[in-house]
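> mind folding the following:
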Amino acid sequence: MNKYDKLFLKQARMGYSNYLHRYHRKGWDPELNERKHLLNKEFVFSDNNINRLSVINALLTEKSEEAYQHAEKLENFVLSFMQNPDTFISDYELQFNLNFFSERKYSSIPDLQGNPFFECEPIWFAKADRTESDRKYHKDWLFKTDHTEVIHEGHPLYSFRHCYLFHDLIDHTILSYQDIADIEDIWIEVVLTVQNFQVISSEPSSESG
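The predicted model follows:
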């Protein structure tokens, strides 16, 4: 196992966001980035590999839109509660966590049995406090825009339309083409956080003696 593999497994065990927070608060680990580029140079764009990446892209396309639609339903549910003046809820947040698993590839690594080898939060949710036009623009950009940006015409992956999540994985993460092709399971979490805040008055209570 070379130093790059050791670093990659280290971030997998810790969770990528925790790994960055602890070791690289200013951004990517340059060695993990170097690992990605080295592996991408070695990657063979065979018909099987291209088809595998296309299948993963299609799954990410479908499930990301379903997750966003589910988040909208949760938002409507929360907003209905917030109409009650006695509600506990002062505000809310909706987030998406993505976890990628490859248990066959990492079968010899006990820490990765049942645990993801990479996690990220690539999508942000446009809440109802934004204008309707802003919300529509954001959704159209996420789900109706072709995100085949960095890949140039003639590249093997130019043969299919990239969804935002696929684009994010290949262009904005430490994952190589091989890492993405090795994904066996995708876990998408829609996380609703309800919040309550209270202002503590600086004035003395009228009930105090």
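> contacting residues around residue 89?
Residue 89 makes contact with 78, 81, 82, 194, 195, 196, according to CB atoms under 8 Å, 6 or more residues apart in numbering. Where C-beta positions appear, they are placed from N, C-alpha and C, glycine not excepted.
> likewise for residue 115?
Neighbour list for residue 115: 12, 13, 101 [criterion: CB under 8 Å, 6+ apart].
> cross-check the contact I'm expecting between the second one and residue 111.
Yes. The pair residue 13 / residue 111 is scored as a contact, 5.0 Å apart, by CB atoms under 8 Å.
> now stretch 195-209: average pLDDT?
Here stretch 195-209 scores 75 as its mean pLDDT.
> what of stretch 154-162?
89.
> list of residues touching that stretch?
45, 50, 53, 54, 57, 146, 147, 148, 149, 151, 152, 170.
> what is the lowest-pLDDT residue among these?
For these, the pLDDT minimum is residue 151, 73.
> sorry, back to before: what subset of the contacts of residue 89 is buried?
residue 78 (16 or more other CB atoms under 10 Å).
> can you redo the contacts of residue 89 as a markdown table with distance to residue 93 and secondary structure?
A markdown table is the format used below for the contacts of residue 89 (distance: CB to CB, whole Å; DSSP: H, G, I helix; E, B strand; the rest coil):
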| residue | distance to residue 93 | secondary structure |
| --- | --- | --- |
| 78 | 10 | helix |
| 81 | 15 | helix |
| 82 | 13 | helix |
| 194 | 8 | strand |
| 195 | 7 | strand |
| 196 | 13 | coil |
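> could the contacts of residue 89 be laid out in CSV, adding distance to residue 174?
Shown next, in CSV, are these (distance: CB to CB, whole Å):
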residue, distance to residue 174
78, 34
81, 39
82, 39
194, 33
195, 32
196, 37
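> about what we covered before: among the contacts of residue 115, the buried ones, what's the PyMOL command?
The PyMOL selection below is limited to those of the contacts of residue 115 classed as buried (16+ other CB under 10 Å):
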select buried, resi 12+101
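> residue 37: which of the contacts of residue 115 is nearest?
Checking these against residue 37 by CB to CB gives residue 12 as the nearest, at 18.9 Å.
> residue ranges in the chain under the pLDDT threshold?
For the chain, the stretches with pLDDT under 70 are 26, 150, 204-209.
> residue ranges for the helices of it, please.
Remark: helices assigned in the chain by DSSP state H are 3-14, 16-23, 30-42, 47-82, 132-143, 164-172, 177-181.
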